[in-house]
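> mind folding the following:
(one chain, ligands or ions: 1)
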Amino acid sequence: MATMSERAQAVFPAGSNGEFNLPPELAIVIARGRGCELWDSAGRHFLDFSMGWGSVLVGHARPEVVDAVTAQAPQGSNYAYVTEASLALAEEILRVSPACEALRFCASGTEATMYCQRLARAFTGRPKILKFEGAYHGANEVGVTSLFPADPPDFPEPDPTGGGIAHMVKRDVLVAPYNDLEATRAIIDAHRHEIAGVIVEPLQRCTPPEPGFLEGLRAATRAAEVLLLYDEVVTGFRLAYGGAQEYYGVVPDLIAYGKALGGGYPIGAFGGRREIMDAVREDRLGDRDYVWVASTLGGNPVSTAAAGAALEVFRRPGTYARLHGLGDYLRQGLRRALRERQVVAQVIGDGPLAQVVFSPAPVRDYRSTRKGDAAKGRALMLGLFARGVFLNPMGTKLYLSIAHDEAVCDDFLERFDDALAEVA
Ligand SMILES: Cc1ncc(COP(=O)(O)O)c(C=O)c1O
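A predicted model of the protein is given here:
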């Protein structure tokens, strides 16, 4: 009889729903999760350092979230219209998000960044979006452009990094080096009449912005009358309750949210200044700059109930000090293990995020990340997976959550040291 993972290999390309390139001997099927732990269908236990790619910052099966969902579920799961839960959630997001005077919900981060791009184009009447090499903004065309270019072209030339998008990428996307303000400013100035917006992950993957980078980007976009779009799908409600806007103190024109906001349930949100957001008003249908927005499950009452409960947990005193303390603890532990085994590597990240890059040089952008030994990085991830740490071996980013603590990090670090001994 076929095992669960053989059945998964038979129906899902590469055996998963996406971005999990596991060798067959490590492939598993998950049965359940609680806090920061998972169990597979054979009853094996894992420490979770992926946390639903960061969507479950609140922890698996967090009781407050479970209660909110089970209270809503018998009342219906979707009316595709405003509910008390979606209204209260929107009001709370606007309260903490200075960039947002109005917002709409959708069901994923991919949708949220797509709507931000479209709004920028409609508002400015210009066609192009400038993004940073190596940044991910979801699976939409701009989001995957120049994500993993094998042979990166000269800036600002885009690289499709995959099939199905080349036709529009060359026409509609420009690419700049993250953390290089001078080069970015030069591209913005040279293309100001065709750029609608600059989209940035304020913390790109796990690489923090250098001092002055986001401030300079804000000044350069404002001077060129180009919109600044923050992709806060990862940073929102994670680096601080007010996300990267609060943490780095730079306010964009449009923001996309997702992941942690939903408490582990499907959600996306996008918002900005009212004059920009007004383009989605249905009473403007027929105007040339009207922007079509329709997300069947966007703002559904189950997801917004879960999100409301998650935000209530995040707001409790000490949450972010604890998340940052834990992130520092993990990164320091990783550095110590690497030092003791005399392995040259960079440990990057901020807040409850960490990544190891096997490179002798500091990491500040995609090209410096690429100097790292990717094969060693993957071997380490697979070694951790084999030692009962659930993570995404393609992503290499480690996500902590509210459910993690120092004891779990210590347990992880022991397994890390053991895996490191094998690959170093
Ligand atoms: C920065 C960033 N933006 C957007 C997305 C896309 O979000 P989703 O997978 O919910 O569509 C992701 C997902 O990993 C992301 O990391």
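
> for the closest residue to the ligand within the chain, which non-adjacent residue is closest in space?
Going by C-beta to the nearest ligand atom, the ligand is nearest to Gly109 of the chain, at 2.4 Å. To be clear about C-beta, it is placed using only N, CA and C from the backbone, and glycine gets the same treatment. Spatially, and ignoring its direct neighbours in sequence, Gly109 is nearest to Gly258 (3.1 Å; C-beta to C-beta, 6 or more residues apart in numbering).

> so how many other residues sit close to that neighbour?
Neighbour count of Gly258, defined by other C-beta atoms under 10 Å: 27.

> report all helices and strands that the longest helix seen in the chain contacts.
When the chain is parsed with DSSP state H, its longest helix is helix 319-340. Based on contacts counted as 3 or more C-beta pairs under 8 Å, 6 or more residues apart in numbering; DSSP states H and E, the elements that helix 319-340 packs against are strand 346-348, strand 353-357, helix 406-423.

> ok, which of those comes nearest Ala102?
Of all the helices and strands packed on helix 319-340, it is strand 353-357 that lies closest to Ala102, at 29.5 Å by C-beta to C-beta.

> pull out the buried positions in the helix or strand following that closest one.
Past strand 353-357, further along toward the C-terminus, the next helix or strand under DSSP states H and E is helix 366-370. Neighbour counts over helix 366-370 (16 or more other C-beta atoms under 10 Å) mark 366, 368-370 as buried.

> also stretch 212-231?
Residues 213-214, 216-218, 220-221, 224, 226-231 are the ones in stretch 212-231 that count as buried (16+ other C-beta under 10 Å).

> ditto for stretch 153-167
With burial defined by 16+ other C-beta under 10 Å, the residues of stretch 153-167 counted as buried are 155-156, 158-161, 165.

> can you tell me which of these are up against the ligand?
Intersecting the buried residues of stretch 153-167 with the contacts of the ligand gives an empty set (criterion: C-beta under 6 Å from any ligand atom).

> among the residues you listed, which has the minimum pLDDT value?
Scanning these for pLDDT, the smallest score is found at Thr161, 88.

> ok, the closest residue to that residue other than its chain neighbours - contacts?
Distance criterion C-beta to C-beta, 6+ apart; nearest residue to Thr161, sequence neighbours excluded, is Leu147 at 4.7 Å. Applying C-beta atoms under 8 Å, 6 or more residues apart in numbering, one finds that Leu147 lies in contact with 134-136, 161-162.

> so Met4 sits right up against Ser41, yeah?
Yes. Applying C-beta atoms under 8 Å as the test, Met4 and Ser41 come out as touching, 4.7 Å apart.

> how many residues are close by Trp40?
One thing to correct before we go on: residue 40 is Asp, not Trp. Summarising burial for Asp40: neighbours were counted as other C-beta under 10 Å, giving 17.
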